[in-house]
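*Asks:* Starting from these lines, generate the structure:
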Amino acid sequence: MHRLGRRSLPLLRLLVTLFLANSSASQQPGIPEENLLVLTVATKEPDGFKRFMQTANHLNYTVKVLGAGQEWRGGNIPHSIGGGQKVRLLKEEMQNHADRDDLVILFTDSYDVLFASGPEELLTKFQQFNHKVVFAAEGLIWPDNRLADKYPFVRSGKRFLNSGGIIGYASSINSIVEKWQLQDNDDDQLFYTKIYVDPVKRVTLNITLDHKSNIFQNLNGAVDEVELKFEPTRVRTRNIIFDTLPVLIHGNKQTKHLLNYIGNYVPDAWTSETGCTICDTDLLEFSSLSKFPSVTVGIFIERPTPFLPEFLERLFTINYPSEKLTFFIHNKEVYHEKHIHTFWEKHKGKLKVKFVGPEEILSEGDARNMGMDYCRQNPECDYYFNLDSDVVLTNPNTLKLLMQQNRRIIAPMLIQYKKLWSNFWGALNPEGFYARSEDYINIVERSRVGVWNVPYIAHVYLIKGEVLRTDLKEKNYFNLDRMDSDMSLCRNLREKNIEKEKGSPTPESCHMFKPPKGVFMYVSNLHEFGRLLPTEGYNASRLHSDLWEIFDNPLDWREKYIHPKYSEIFTGGVVEEPCPDVFWFPIFSETTCDELVEEVENYGEWSGGKSEDKRLVGGYENVPTDDIHMTQVGLDQVWLHFIREYIGPVALKLFSGYHTKGFSMLNFVVKYTPARQAYLKPHHDSSTFTINIALNNKGTDYQGGGCKFHRYNCAIESPRKGWSFIHPGRLTHLHEGLPTTNGTRYIAVSFVDP
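*Replies:* Predicted coordinates for the structure are as follows:
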């Protein structure tokens with residue numbers, strides 16, 4: 001007991017001395033900002049470093065970068081021990097400030113750190129610690145958990161040291177790092193930990209940890225402890241456990257995607273009052289360029305896709321010099337070879353194209369690797385623009401708008417029509433798959449507009465060619481662990497697995513490990529760019545499968561199949577009334593008429609115009625036609641939806657007060673020919689009203705034909721392709737089909753609300 005007490009006296013005296021010194025320090029005036037020196041190590045300048053510097057400059061920090069341009073030999077820190085090179089560089093720098101008791105040094109990581117507040121708050125909080133040196137703290141110990149028991153007990157807060165953030169007086173930090181005698185690939189955190197857990201050194205050097213994240217917030221092990229605190233012109237990260245507002249946020253270990261999310265807002269990248277404050281910085285000005293950049297457009301048709309001919313034609317709507325565009329087109333689907341052939345025959349010579357067809361039997365990942373490498377191997381390729389066939393770009397300036405943002409990888413935000421399904425993820429779950437971020441719906445619905453750092457993009461994105469030739473030099477990024485190709489690419493960009501050059505790693509060869517790329521992926525919703533097409537239910541076994549897409553892709557169905565003058569029905573000037581209560585209006589495009597005729601002819605089982613008809617409930621038709629029912633070709637539900645969506649509003653306008661149920665039991669295509677059935681005798685229809693749509697051209701495809709209404713002695717003898725009659729069915733409008741004298745006439749008929 002006596003001996004133990006005698007040994008404790010020097011330590012006790014030191015503690016009393018430090019207590020008095022700290023009490024005196026707490027009464028001292030604030031530390032001037034000019035007495036702050038921020039140091040960081042960055043051998044290269046990846047996206048994370050640029051973000052760090054952006055937040056530093058915005059908040060008026062002056063940062064000195066150590067190791068710029070040097071080879072990194074400090075190991076792969078996120079996945080193994082290392083970081084000794086940082087201590088060596090700091091040691092060398094501190095020799096310049098060894099006797100400065102008034103200079104405060106902030107030494108911080110930069111690739112995965114951002115500033116949340118300015119120097120004044122930082123220095124005030126540091127001074128409140130009343131210690132010479134303050135290290136960041138976290139709840140998980142690294143790299144040697146055997147040292148856990150040597151850490152001092154902490155009643156509240158994080159117990160373990162993290163070396164990603166250090167703040168202290170220059171002379172004190174010099175006293176710590178001057179002891180470094182190890183190698184660049186030794187572990188910096190282990191070095192600092194061994195000093196801290198030694199009670200004599202801890203007291204002598206007057207070191208403490210930031211247990212409650214007043215200055216340093218490490219996200220590893222603390223993901224659920226932080227939230228964004230929104231103010232009108234500023235956003236802070238709040239630790240909800242300790243109710244603190246940290247000055248620096250560190251996305252250590254596997255939390256970099258969370259840091260990226262935080263960085264979309266903190267310190268004021270986006271606020272409710274200012275909107276996006278960084279969207280207009282470092283823009284590419286086309287006016288400053290001597291020539292437009294060259295772009296390789298990689299087009300991928302990896303599954304049966306609706307409206308592919310329209311997709312291909314839209315390539316000519318890209319508002320960009322055509323001579324600067326080169327196309328790589330991979331088509332995996334035999335079904336779409338006819339569309340590719342038609343497109344090429346129409347536009348041969350207008351585009352520079354490399355085709356890779358289904359005969360190559362490439363996997364999706366291999367095809368995407370090939371397309372990306374097509375740009376990589378061309379030193380004149382300035383950008384690689386990935387464009388999947390399920391993308392509908394309605395904004396012709398999309399390519400220029402993405403270039404203008406001057407990001408290394410950026411995608412335009414697209415969503416499926418009236419759905420929340422998009423081409424990006426806002427967050428990841430612990431397994432690295434989709435999770436919905438708190439702001440996902442805000443971004444999708446564009447109540448928050450900006451350029452967002454996200455962990456996953458797909459379908460359409462722009463990559464700078466220099467990125468392919470520097471950070472993405474390898475040839476395989478789309479085949480990883482049986483993942484979808486886009487998931488594989490994004491995981492490689494976020495957290496590329498370490499690869500050794502040869503042999504097993506040794507302490508001497510740790511520097512050979514390739515660190516994670518950490519290439520940021522952005523999605524922009526600054527503009528309306530277009531939409532995505534659902535493809536899961538697309539049935540490519542039909543002749544014209546797009547006809548069935550009225551449910552899954554209604555906008556594209558309308559653009560392709562509804563007459564371009566349809567909307568004029570409701571604004572006046574297009575509807576005609578050739579006979580009393582017989583109205584004539586445009587409804588189908590030329591394409592609809594042609595494809596519908598081809599579908600029924602492909603089916604080929606015409607009824608022959610016989611009264612006996614097993615297709616009907618009673619088995620008998622009083623006024624038979626030579627026809628094929630929509631049910632026979634599988635278009636019955638599509639047709640009924642068409643009646644409700646497009647015929648119903650017309651009927652309401654023309655027959656005021658009548659609201660159709662949009663129900664019809666008889667929907668069919670009729671074929672009139674002189675040899676089979678040339679005409680139809682006078683009759684009433686079993687309907688409240690009937691539509692009669694001309695599917696081909698009089699004078700070109702047939703002669704004769706038309707419809708005569710007996711009560712009014714009125715005939716319509718020149719029906720227009722794609723236009724429809726609509727007339728009452730019962731009682732008043734007895735009518736007949738006039739003889740077709742030559743060729744073949746096709747009409748589509750529906751008896752609505754029988």
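*Asks:* Nearest residue to the middle of this protein?
*Replies:* For the chain, residue 424 is the residue whose C-alpha lies nearest the centre (C-alpha atoms, centre = their mean; 2.6 Å).
*Asks:* quick one, what contacts that one?
*Replies:* 411, 413, 452, 454, 456-458, 523 (C-beta atoms under 8 Å, 6 or more residues apart in numbering). Quick note: C-beta positions are derived from backbone N, CA and C, even for glycine.
*Asks:* Which ones among these map onto strands?
*Replies:* 411, 452, 454, 456-457, 523 (DSSP state E).
*Asks:* Quick check, pLDDT for residue 74.
*Replies:* What the model reports as pLDDT for residue 74 is 87.
*Asks:* Am I right that it is in contact with residue 87?
*Replies:* No: the criterion here is C-beta atoms under 8 Å, and residue 74 misses it with residue 87 at 9.1 Å.
*Asks:* Show the residue spans covered by the strands in the stretch 601-750 of the chain.
*Replies:* 627-629, 664-672, 680-683, 689-694, 702-704, 707-709, 714-716, 723-728, 735-737, 740-743, 745-752 (DSSP state E, counting those that start in this stretch).
*Asks:* can you list the residues that contact the third one?
*Replies:* I take that to be strand 680-683. Residues contacting strand 680-683 (C-beta under 8 Å, 6+ apart): 622-623, 625, 710, 734-737.
*Asks:* Give me the distance between the helix or strand containing residue 120 and the centre of its chain.
*Replies:* Taking DSSP states H and E as the criterion, residue 120 maps to helix 119-129. Distance of helix 119-129 from the chain centroid (C-alpha atoms, centre = their mean, to the nearest Å) equals 40 Å.
*Asks:* right, and residue 194 touches residue 143 too?
*Replies:* No: assessed by C-beta under 8 Å, residue 194 is found out of contact with residue 143, at 11.2 Å.
*Asks:* Relative to residue 344, how far out is residue 351?
*Replies:* 9 Å (C-beta to C-beta, to the nearest Å).
*Asks:* Same question for residue 477.
*Replies:* Taking C-beta to C-beta, one finds residue 477 at 29 Å from residue 344.
*Asks:* Of those two, which one has the most company?
*Replies:* residue 477 (22 against 16; other C-beta atoms under 10 Å).
*Asks:* which residues sit in contact with residue 607?
*Replies:* Counted by C-beta under 8 Å, 6+ apart, residue 607 has contacts 613, 615, 624-628.
*Asks:* Which one of those residues is nearest to residue 439?
*Replies:* Nearest to residue 439 out of these is residue 628 (C-beta to C-beta; 52.0 Å).
*Asks:* Tell me the spatial nearest neighbour of that closest one, not counting adjacent residues.
*Replies:* Among residues not flanking residue 628 along the chain, residue 600 sits closest, at 4.5 Å (C-beta to C-beta, 6 or more residues apart in numbering).
*Asks:* counting contacts, what elements does the helix or strand hosting residue 345 pack onto?
*Replies:* Per DSSP H and E, residue 345 falls inside helix 337-347. Applying 3 or more C-beta pairs under 8 Å, 6 or more residues apart in numbering; DSSP states H and E, one finds that helix 337-347 contacts helix 308-314, strand 325-331, strand 352-356.
*Asks:* Outside of the shortest one itself, list whatever touches it.
*Replies:* Counting by C-beta under 8 Å, 6+ apart, strand 352-356 makes contact with 325-331, 340, 344, 362, 367, 370, 374, all of which sit outside it.
*Asks:* What residues sit buried inside it?
*Replies:* 353, 356 (16 or more other C-beta atoms under 10 Å).
*Asks:* Sheet partners, orientation included, of it?
*Replies:* Strand 352-356 has the following strand partners under DSSP bridges: strand 325-331 (parallel).
*Asks:* tell me the mean pLDDT for the strand it pairs with?
*Replies:* Here the average pLDDT along strand 325-331 is 98.
*Asks:* same question, stretch 727-740
*Replies:* On average, stretch 727-740 scores 93.
*Asks:* per-residue confidence for residue 320?
*Replies:* The model's pLDDT for residue 320 equals 97.
*Asks:* how many neighbours does it have?
*Replies:* Using other C-beta under 10 Å: residue 320 sits among 18 other residues.
*Asks:* for it, helix, strand, or coil?
*Replies:* coil (DSSP: H, G, I helix; E, B strand; the rest coil).
*Asks:* List the residues that contact it.
*Replies:* Residue 320 neighbours (C-beta under 8 Å, 6+ apart): 292, 295, 399-400.
*Asks:* shaky segments in the stretch 301-450 of the chain?
*Replies:* Counting by pLDDT under 70, the stretch 301-450 of the chain contains no low-confidence range.
*Asks:* I'd guess residue 52 is in a strand, am I close?
*Replies:* No: Residue 52 is assigned helix when assessed by three-state DSSP, not a strand.
*Asks:* sorry, back to before: with distance to residue 358 and neighbour count as extra columns, can I get the contacts of residue 607 in CSV?
*Replies:* Listed next are these as CSV, based on distance: C-beta to C-beta, whole Å; neighbours: other C-beta atoms under 10 Å:
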residue, distance to residue 358, neighbour count
613, 43, 18
615, 39, 14
624, 45, 17
625, 42, 21
626, 39, 18
627, 38, 26
628, 32, 21
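*Asks:* Restricted to helices, list these.
*Replies:* Nothing among the contacts of residue 607 maps onto helices, per DSSP state H.
*Asks:* Would you format these as TSV with distance to residue 189 included?
*Replies:* Putting the contacts of residue 607 into TSV (distance: C-beta to C-beta, whole Å) gives the following:
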residue	distance to residue 189
613	85
615	79
624	88
625	85
626	85
627	81
628	77
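*Asks:* List just the nearest of those to residue 40.
*Replies:* residue 628 (74.5 Å).
*Asks:* Return the residues in contact with the closest one.
*Replies:* Taking C-beta under 8 Å, 6+ apart, one finds 600, 603, 605-607, 668-669 in contact with residue 628.
*Asks:* Please list only the buried members of the residues you listed.
*Replies:* 600, 606-607, 668-669.
*Asks:* how far out from the middle of the chain is stretch 104-119?
*Replies:* 30 Å.
*Asks:* Same question for stretch 28-43.
*Replies:* For stretch 28-43, the distance to the chain centre is 39 Å (C-alpha atoms, centre = their mean).
*Asks:* Buried residues in that stretch, which are they?
*Replies:* 31, 36-43.
*Asks:* pLDDT score for residue 481?
*Replies:* 79.
*Asks:* Same check on residue 501?
*Replies:* Residue 501 is given a pLDDT of 31.
*Asks:* Among the ones in strands among the contacts of residue 424, which pair sits farthest apart?
*Replies:* 452 and 456 (11.6 Å).
*Asks:* Which of those two has more residues huddled nearby?
*Replies:* Set residue 452 next to residue 456 and count neighbours by other C-beta under 10 Å: residue 452 wins out with 28 against 24.
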